[in-house]
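Chemist: Could you work out the structure for the sequence below:
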Amino acid sequence: MFGSLIEALLTILSIFKNNDAIGFIVTVMLACAVFAIYKVLTIDLQKNLCINGVSNKLAYAHSQIASNLQEELRSASDTAQTYDYPEFQAKWTEYFYSVKPDLKSGRPSTPIEPGSVFNIESLNLNLRNFERVAALFVSVGLVLTFMGLVAALQQSGAAILSAGSNDAEIKASLSDLLIILSSKFILSITGLLCSIAINLAIDQRLKYNRRCLSRLNAALARTVDFLPVEVILRDIKDRLADPEVGIGKAD
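Modeler: Presented below is the predicted three-dimensional model:
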């Protein structure tokens, strides 16, 4: 049984004896890498459009009138609902309903910092699946290289045995072995290059995603005042201690 399995495996590995097969595999790997890079560069376009659309609505929200700022937020909220981006809409709803007029200035304020809500992780912009794809190319390249090495050693071993004691034929067989072995490492090199190219594309996409989020968070910071919970509680305490609100200070 085990002997049959080994023979079947060696039969499969025999395809690596042909350089044309190696060339075909390299071509397939390169085509897959190009497709992966294309997907990386285009997968988050709808999400980026949503984030940029909301940012554009808030880009000119510099009014000092609180009611105008509230209107800008409502307009941005309407824009967010027009895109098919459930993660952003959920986070936006959480943030939008936390915004209340400040007791002193009347400006929109919230105890939620924008960066803690709108970030790479919470909005599913991390591209982890493609990072796994990049790592997979390296692993596949190594596996295919070792399979090619096994096939080359098998072929050269048979050639050396058939050469017998003929030194010239043995040297020729060893020379062919080295040439064959060197060609198999092309698979590892291809896998590594594909992985590097995909990782570069991922880095560019992540940089763009961060720029979009940075622009959104900056626009929200201009429109809505961030008031930590401690500040809100202190203001409430001060108001309750103020005699003008109907509750006098303790004697």
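
Chemist: Do I have it right that Asn124 meets Glu87?
Modeler: Yes: contact criterion CB atoms under 8 Å: Asn124 and Glu87 qualify, at 5.0 Å. Just so you know, the C-beta spots here come from the backbone N, C-alpha and C atoms, and that holds for glycine as well.

Chemist: Walking through the stretch 1-150 of the chain, point out its strands one by one.
Modeler: 100-101, 108-110 (DSSP state E, counting those that start in this stretch).

Chemist: if you compare these, which one is most tucked away?
Modeler: Comparing these by mean neighbour count (mean count of other CB atoms under 10 Å), strand 108-110 ranks first with a mean of 20.

Chemist: taking the mean pLDDT, what do you get for it?
Modeler: Averaging pLDDT along strand 108-110 gives 85.

Chemist: Is Phe185 in a helix, a strand, or coil?
Modeler: helix (DSSP: H, G, I helix; E, B strand; the rest coil).

Chemist: In contact with it: list those residues for me.
Modeler: For Phe185, the contacting residues are Thr145, by CB atoms under 8 Å, 6 or more residues apart in numbering.

Chemist: Tell me how far Ser195 lies from Val34.
Modeler: Ser195 sits 13 Å away from Val34, going by CB to CB, to the nearest Å.

Chemist: Between these two, tell me which one has more neighbours.
Modeler: Ser195 (22 against 13; other CB atoms under 10 Å).

Chemist: Can you tell me the element that one falls in?
Modeler: Assigned by DSSP states H and E, Ser195 belongs to helix 167-223.

Chemist: Which elements pack onto the helix or strand that that helix is followed by?
Modeler: Next helix or strand after helix 167-223 toward the C-terminus (DSSP H and E): strand 225-226. Helices and strands touching strand 225-226, by 3 or more CB pairs under 8 Å, 6 or more residues apart in numbering; DSSP states H and E, are strand 108-110.

Chemist: what about 10 Å?
Modeler: strand 108-110, helix 114-117 (3 or more CB pairs under 10 Å, 6 or more residues apart in numbering; DSSP states H and E).

Chemist: partner strands of the shortest one, parallel or antiparallel?
Modeler: As defined by DSSP bridges, the strand partners of strand 108-110 come to strand 100-101 (antiparallel), strand 225-226 (parallel).

Chemist: okay, those strands in JSON lines with mean pLDDT and distance to Asn48 next?
Modeler: Compiled in JSON lines, the strands paired with strand 108-110 are given as follows (pLDDT from 0 to 100; distance: least, CB to CB, whole Å):
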{"stretch": "strand 100-101", "mean pLDDT": "82", "distance to Asn48": "30"}
{"stretch": "strand 225-226", "mean pLDDT": "82", "distance to Asn48": "24"}
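
Chemist: out of these, nearest to Phe137?
Modeler: strand 225-226 (43.1 Å; CB to CB).

Chemist: average pLDDT for stretch 59-74?
Modeler: 69.

Chemist: For the closest residue to Asn126 other than its chain neighbours, give me its contacts.
Modeler: Spatially, and ignoring its direct neighbours in sequence, Asn126 is nearest to Ile120 (5.3 Å; CB to CB, 6 or more residues apart in numbering). Contact analysis of Ile120 by CB atoms under 10 Å, 6 or more residues apart in numbering lists 126-127, 206, 209-210, 213.

Chemist: Surely Thr145 and Gly191 touch.
Modeler: Yes: between Thr145 and Gly191 there is a contact under CB atoms under 10 Å: 8.1 Å.
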